[in-house]
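> Quick check, what structure comes out for this input:
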Amino acid sequence: MTASPRFWEDAPATRAEAHFGDRVVTCFVDRPPDADAMLRTAAVASPQGDAVVDGKIRISHAELDGMSDAVAGGLMSRGVSKGDRVGLLARNRWQFVVALTGIVRAGAIAVPLSVRASAREIEFILGDCGAGLTICDAEKAEILPDTVARAAIDGPAGSSFEDLLAAAPTTTPPDLREEDVAVILYTSGTTGTPKGAMLTHLNIVHSCLHYAHCFRLTADDRLVMAVPASHVTGLIVGIYAPLAAGAAIVVMEKFDADEFLALATQERMTVTMLVPAMYNLCLLRADFAKHDLGAWRIGSFGGAPMPVATIERLAKLLPNLDLIQAYGSTETTSPATIMPPGGQAAAPASVGAPAPCADIRVMDAAGREVAAGESGEGWIGGPMVVPGYWSLSDKTAESFHAGFWKSGDVGRFDENGLLYIHDRLKDMINRGGYKVYSAEVENVLSFHPGVAEAAVVPRPDPVLGEKVHAFVHRSDPTLDEAALKAFCCERLSDYKVPDFFTFTSEPLPRNVNGKLMKQALRDRVAEPNGPADRRQADRTSPGRSERG
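Numbering: from 1, shown residues only. The predicted model follows:
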């Protein structure tokens, strides 16, 4: 189903265009030629307006433009050419934004990395994409592989990001084409091997225009970026979309409910994107009465469903706030659907309508589109859908068909054209908006010599939505939680490490065909206080209660 005119009747003009070889997609007619051009235009239109606010640091759009020129020049003087990959391993801070925009201006490909990733994950990603240089926080420099040069933020002179900032600005930036890759974002793989989704300029431009139109973004908006900048949500709705509109990004390094609301009050925040767990933490821990949030007009969310009770409570506390769900993925460069303004309360379980240029089909197992009201797998097409995965033609062929990305999510359209997501074909755990593929964790557990087999399932959590619960059939009876957790911490991002372990000396349940019966394990943890759980109490070990 393509976007319905009744939802986006005032959207800019569109037309069909051929892109990425054999795709025909609906594109905005009037659009910037590339992601960098969007920022150059904003610098001309709103030169003195805030672009980035990070504590006491305030950078205008004109200043950001100049800093991007300097970083681009510094990279090019170090031999970085168009198409080269440059890693970016930094927490939410103004330097992340400047490094990102400078890398893209140089015609290079930015490869953002999570600061929560393990050294092994980082080594794999940088090796897979062939990055020769990484801009990183100084404290992260030591975990980079020796094969990668580094430019450390706040690092020593001669090899620091500050040296790039002090470089002569580029006067001859490379020619950027909209099908050029601008960013590679690695997604967790169900086989344990991350895949690098290639975000092109065409993808980024259309996602920014989707947000600009559907959120009514202007240069007067101020967005608090509290989600990780290294994820697709932070990259697009947190950085590129507001900057392209001439708006301000207010950087928040780490989310805290009271600090978030205090910052929102201080900076007169108008828009933000959070995961539902963050809204729940605000309701649980923050005192709304202490904060003036009258400027907050859009509270977007994604990554997980928003409980109806949360929607209702926020509506009472903030009557002028419009909650808007956006549904998408790394492969769709963030939004594929966006809830039209004012629609979330009436359809709280819906993820919204297809974005103006999106083409979403619900397909059965035979590859046939089903009728409204019937469930199937969501296939997503449009100019924001990436052309594929870096150097993985086989994986690209598996996940993309005729220009559509096969999402692995089971959903349906209602009679009004709103999309509902019911379940996941992929075995994924949604931990407060962080995606954890159970197979990836199971693969790591299986490498421990004391583990005979392991199965990982989601455990319901009132704040984060789901936590990670591992059932472990151990061959070594002395193996305990501490040892197994330490083993996982060396090999996985911290949020992927199981929160709960159930150890057993018996094989895990399988059906007559030998297939692991995960549903039985899901049922066991679905009601933590139920009889089945109590029977396992002496063998179940709770992990950390919060890891965000």
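> CA only for contacts and neighbour counts going forward, please
Fine.
> what about stretch 6-21, distance to the chain center?
Put simply, stretch 6-21 sits 24 Å off its chain's centre (C-alpha atoms, centre = their mean, to the nearest Å).
> buried residues in it?
Residues 7, 8, 11, 19 are the ones in stretch 6-21 that count as buried (16 or more other C-alpha atoms under 10 Å).
> what's near enough to touch the closest residue to residue 432 other than its chain neighbours?
Distances taken as C-alpha to C-alpha, 6 or more residues apart in numbering place residue 464 nearest to residue 432, at 4.2 Å, with adjacent residues excluded. The contact partners of residue 464, taken as C-alpha atoms under 8 Å, 6 or more residues apart in numbering, are 276, 277, 431, 432, 433, 548.
> quick one, phi/psi of residue 464?
phi -90, psi -10 (degrees, to the nearest 10).
> Residue 379: which of the buried residues of stretch 6-21 is nearest?
Closest approach between the buried residues of stretch 6-21 and residue 379, by C-alpha to C-alpha: residue 19, at 17.8 Å.
> you'd agree that closest one is up against residue 25?
Yes - look at residue 19 against residue 25 with C-alpha atoms under 8 Å: they come within range, at 7.2 Å.
> How is the chain partitioned into domains?
As assigned by automatic domain parsing, the chain contains the domains 14-420, 428-542.
> what is the mean pLDDT for the first one?
It stands for domain 14-420. Average pLDDT, domain 14-420: 94.
> Identify each buried residue in the longest helix anywhere in the chain, please.
If you go by DSSP state H, the chain has its longest helix at helix 61-77. For helix 61-77, the neighbour count (16+ other C-alpha under 10 Å) marks 61-76 as buried.
> by contact count, what packs against it?
Counting by 3 or more C-alpha pairs under 8 Å, 6 or more residues apart in numbering; DSSP states H and E, the packing neighbours recorded for helix 61-77 are helix 35-45, strand 50-54, helix 94-105, helix 161-165.
> what angle do the second one and helix 35-45 make?
Using axes from the mean of the first three to the mean of the last three C-alpha atoms, to 10 degrees, the inter-axis angle of strand 50-54 relative to helix 35-45 is 100 degrees.
> what lines up beside strand 50-54 in the sheet?
Using DSSP bridges, the strands paired with strand 50-54 are strand 57-60 (antiparallel), strand 248-251 (parallel).
> For that strand, give me every contacting residue.
Contacts of strand 50-54 (C-alpha under 8 Å, 6+ apart): 58-61, 64, 93-94, 243, 246-252.
> With respect to residue 200, which of the residues you listed is nearest?
residue 243 (17.5 Å).
> What ranges in the stretch 401-548 of the chain fall below the confidence cut-off?
Along the stretch 401-548 of the chain, segments meeting pLDDT under 70 span 423-427, 511-515, 527-548.
> all strands for the stretch 151-300 of the chain, in order.
With strands called from DSSP state E, counting those that start in this stretch, the stretch 151-300 of the chain shows them at 181-187, 195-200, 222-225, 248-251, 271-274, 298-301.
> so which of those gets nearest residue 389?
For residue 389, the closest of those is strand 195-200, at 4.6 Å, according to C-alpha to C-alpha.
> could I have that closest one exported to CSV, CA atoms only?
Only the C-alpha atoms of strand 195-200 are listed here, as CSV (Å, rounded to 0.1, in the frame of the first residue of the first chain):
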residue,chain,number,x,y,z
LYS,A,195,25.6,-6.6,8.1
GLY,A,196,26.5,-3.2,6.8
ALA,A,197,23.4,-1.4,5.5
MET,A,198,24.4,1.2,2.9
LEU,A,199,22.6,4.5,3.4
THR,A,200,22.8,6.6,0.3
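> Please name the nearest non-neighbouring residue to residue 113.
residue 89 (5.0 Å).
> now swap in residue 157 and tell me
residue 163 is the one closest to residue 157 (C-alpha to C-alpha, 6+ apart), at 6.8 Å.
> Likewise for residue 317?
Closest residue in space to residue 317, ignoring its immediate chain neighbours: residue 288 at 7.6 Å, by C-alpha to C-alpha, 6+ apart.
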